[in-house]
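Novice: dropping a prediction and its sequence here:
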Protein chains: 2
Amino acid sequence: MEEREDLGAMVFRLGRQLLAMERPILDRHGISMWAYAVLTALRERPMRTQAALAAGIGADKTRLIPVLDELQKRELIDREPDPDDRRVRLLALTPAGRRLHQAVQAEIRAAEADLLAAFPPGDREAFVRTLIGLTPR
Amino acid sequence: MEEREDLGAMVFRLGRQLLAMERPILDRHGISMWAYAVLTALRERPMRTQAALAAGIGADKTRLIPVLDELQKRELIDREPDPDDRRVRLLALTPAGRRLHQAVQAEIRAAEADLLAAFPPGDREAFVRTLIGLTPR
DNA sequence: CTTATTCGTAAGCATGCGCCTATCATGTGC
DNA sequence: GCACATGATAGGCGCATGCTTACGAATAAG
């Protein structure tokens, strides 16, 4: 077999690289990583409870609140009490939130494509396919 | 194109999974992640300065010191002043350090192989190959 | 010889995060 | 109605980390 590092070491380093790559994009749009994660989760589908959202993006439930406050203040999300169960806050993207997420994600995807451009298409596809398989939701 | 998450999201989740996978192994050997990173770096080659080592594993120079203290106390590394430049401490694995690293790494590699076992060999190889290419040292 | 630089070490500070508890409002089951 | 569970929120605690400063020892440069 090849002489290589542990997967963990490489994955962590790649994570740091991707973070460094994404941060300027997020900064340019004045949005934090957590906020972007929230927009991403809500784009796939609106969520009934904040706890479910927190679990879905692997964040602490209490730490999410200021993020939601900020997103709501900027009118990127709607957060309204559920008429059927007024304990819960229904969360959904506003049109502006959807637009912002779309713009940020497009830039991130372009940067990702740049990163992967050096590899043969077959390897790229196998890489992404395996990554998807390794990270079930 | 497939509907997929951003690479960053998947890579970070995978990193967390790998961390959770490795922690019991490291705990069983009474060693921290940073200490394991140090042993790994020193196994590849001894290092002349602690600053170089810190940079090599992406750690803060000052934060490395207690880790080295601990490793030295357990006689897993040698840390002796360089006779040619007595400012620097020459770092190298002891035989016990080498043995410990080998044992831990073997367990980690086995766990990694388990993780990847579900994927076709071609995908596995392309995944690792691309990962190596994406994380140059 | 004097000054500047490098290396290792120690200490402090701010940040971000996970975790745990408490509180309040609301719903559900008995 | 009453006890219990659930959701959102706030606050505090502890830990790991990154970043900065300071200092002593040793070396390099002028």
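Specialist: Done, it's in.
Novice: helix, strand or coil: sort out the residue nearest in space to the middle of chain A for me.
Specialist: Taking C-alpha atoms, centre = their mean as the criterion, residue A:37 is the residue nearest the geometric centre of chain A, at 3.1 Å. Following DSSP: H, G, I helix; E, B strand; the rest coil, the label given to residue A:37 is helix.
Novice: and it, what does it touch?
Specialist: When contacts are counted by C-beta atoms under 8 Å, 6 or more residues apart in numbering or on different chains, residue A:37 touches A:57, A:59, B:9. For glycine as for every other residue, the C-beta is placed from the backbone atoms N, C-alpha and C.
Novice: now residue A:5
Specialist: Counted by C-beta under 8 Å, 6+ apart, residue A:5 has contacts B:40, B:132, B:135.
Novice: just give me the closest of those residues to DNA strand C.
Specialist: Minimum distance to DNA strand C across these is 18.2 Å, recorded for residue B:40 (C-beta to the nearest atom of the strand).
Novice: ok, and the closest non-adjacent residue to the closest one?
Specialist: Nearest residue to residue B:40, sequence neighbours excluded (C-beta to C-beta, 6 or more residues apart in numbering or on different chains): residue B:101, at 6.5 Å.
Novice: pretty sure the one you found contacts residue B:43?
Specialist: Yes. If you go by C-beta atoms under 8 Å, residue B:101 and residue B:43 touch, sitting 5.4 Å apart.
Novice: more crowded one of these two?
Specialist: residue B:101 (21 against 15; other C-beta atoms under 10 Å in any protein chain shown).
Novice: I'd like the next helix or strand past the host helix or strand of the more buried one.
Specialist: For residue B:101, the element it lies in under DSSP states H and E is helix B:95-116. Next helix or strand after helix B:95-116 toward the C-terminus (DSSP H and E): helix B:121-134.
Novice: what does that next one rub up against?
Specialist: A:2, A:4-5, A:7, A:10-11, A:14, A:17, A:115-116, A:118-119, A:122-124, A:126-127, A:129-131, B:116, B:119.
Novice: now the residues you listed: which count as buried?
Specialist: Buried members of the contacts of helix B:121-134, scored by 16 or more other C-beta atoms under 10 Å in any protein chain shown, are A:5, A:7, A:10-11, A:14, A:17, A:115-116, A:119, A:123-124, A:126-127, A:129-131, B:116, B:119.
Novice: sorry, back to before: shared neighbours, residue B:101 and residue B:43?
Specialist: Joint contacts of residue B:101 and residue B:43 (C-beta under 8 Å, 6+ apart) are residue B:93.
Novice: pLDDT score for whatever residue of chain A ends up closest to chain B?
Specialist: Scanning chain A for the residue nearest chain B gives residue A:126, at 3.5 Å (criterion: C-beta to the nearest C-beta). Looking at residue A:126, its pLDDT is 97.
Novice: top of the contacts of residue A:37 by neighbour count?
Specialist: Neighbour-wise, the contacts of residue A:37 (other C-beta under 10 Å) top out at residue B:9, 22 neighbours.
Novice: and the strand or helix carrying it with DNA strand D, contact?
Specialist: Remark: residue B:9 resides in helix B:7-28, with elements defined by DSSP H and E. No. Interface with DNA strand D: helix B:7-28 contributes nothing (C-beta under 7 Å from any atom of the strand), its closest point being 10.6 Å away.
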